[in-house]
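**Student:** sequence and predicted structure, then a few things I'm wondering about:
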Amino acid sequence: MIEQVLARRGATLRVKVTVKSLISLGIIVLAVALPQLVHLALGAEGGAQWLPMYLPILLGGCLLGWKWGLGVGIVSPLISFAITSMFGSPMPALARLPYMVAELAVFGAISGLFSRSIARNGWMAFPAVLLAQVAGRLTFLAIAAIFQGVSPITAAVAWSQIQTGLLGMILQAVIIPFIVMGLRLLLIKDKE
């Protein structure tokens, strides 16, 4: 969506990359900070239930497109892990990190595939988020099933985590599209 807004305004490649980089940085900061705030307020259970890192990644994909969405999906959990490890409490935990990277990469890429459609029709944010969530959670479950012999995260553990986070996923499936549609209205208001 951001690409289409910038193209409409005649932005150069340099401006497009700069704007997308700054938005990506903001999304990564949000993806690191939001889980910390949720964990402070609600504990580890709150993080598992509300899935706060997922929200910025899904938002980033919808706004930035699949390549940038994929990028923020990969980088965010790695940066979060690196920063929080310095304080002795890594988030996500090391055992969960590869799964989180894969899952969030899928979230960002799939929601990003809809970015152009969202620029034309804001309501496309709903299927973008929903399909990204389903694909990401299935990726998590599939990777857990494949590597359950060598990892503490089995398919049963993954399924249990998916069930725990279901309320958070449903809430995000409603909230994120409205955020995206609101941003779209703000950014494309001069089109009409």
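**Tutor:** Yep, it's here. Keep in mind the model is a prediction, meaning the values are calculated, not measured.
**Student:** strands of the chain, start to end?
**Tutor:** Counting by DSSP state E, one finds no strands in the chain.
**Student:** all helices of it, in order?
**Tutor:** Ranges of helices in the chain, per DSSP state H, are 2-8, 13-50, 54-64, 66-85, 97-113, 115-120, 125-147, 155-164, 166-188.
**Student:** look up phi and psi at R96.
**Tutor:** With angles defined as degrees, to the nearest 10, R96 sits at phi -90, psi -20.
**Student:** give me the number of residues near the spatially closest residue to it that is not a sequence neighbour?
**Tutor:** Among residues not flanking R96 along the chain, I153 sits closest, at 6.7 Å (Cβ to Cβ, 6 or more residues apart in numbering). All C-beta spots, glycine's among them, are computed from the backbone N, C-alpha and C. By other Cβ atoms under 10 Å, 19 other residues sit near I153.
**Student:** same check on W66?
**Tutor:** 18.
**Student:** center of this structure, which residue is that?
**Tutor:** Taking Cα atoms, centre = their mean, the centroid of the chain lies closest to I57, which sits 1.7 Å from it.
**Student:** was I right to think it contacts V75?
**Tutor:** No - checked against Cβ atoms under 8 Å, the pair I57 and V75 is beyond contact range at 9.9 Å.
**Student:** ok, back up a step: OK, contacts around the residue nearest to the centre of the chain?
**Tutor:** I57 makes contact with 27, 31, 69, 72-73, 76, 104, 107-108, 111, according to Cβ atoms under 8 Å, 6 or more residues apart in numbering.
**Student:** buried subset of the residues you listed, written for PyMOL?
**Tutor:** The following PyMOL line selects those of the contacts of I57 that are buried, judged by 16 or more other Cβ atoms under 10 Å:
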select buried, resi 27+31+69+72+73+76+104+107+108+111
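**Student:** would a markdown table of the contacts of I57 with distance to G122 be doable?
**Tutor:** Formatted as a markdown table, the contacts of I57 follow (distance: Cβ to Cβ, whole Å):
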| residue | distance to G122 |
| --- | --- |
| I27 | 19 |
| A31 | 23 |
| G69 | 17 |
| V72 | 21 |
| G73 | 22 |
| S76 | 24 |
| L104 | 23 |
| F107 | 19 |
| G108 | 19 |
| S111 | 14 |
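**Student:** Throw the contacts of I57 into JSON lines and include distance to G182 and pLDDT, thanks.
**Tutor:** Formatted as JSON lines, the contacts of I57 follow (distance: Cβ to Cβ, whole Å; pLDDT from 0 to 100):
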{"residue": "I27", "distance to G182": "16", "pLDDT": "98"}
{"residue": "A31", "distance to G182": "20", "pLDDT": "97"}
{"residue": "G69", "distance to G182": "19", "pLDDT": "98"}
{"residue": "V72", "distance to G182": "20", "pLDDT": "98"}
{"residue": "G73", "distance to G182": "22", "pLDDT": "98"}
{"residue": "S76", "distance to G182": "22", "pLDDT": "98"}
{"residue": "L104", "distance to G182": "23", "pLDDT": "98"}
{"residue": "F107", "distance to G182": "20", "pLDDT": "98"}
{"residue": "G108", "distance to G182": "20", "pLDDT": "98"}
{"residue": "S111", "distance to G182": "16", "pLDDT": "98"}
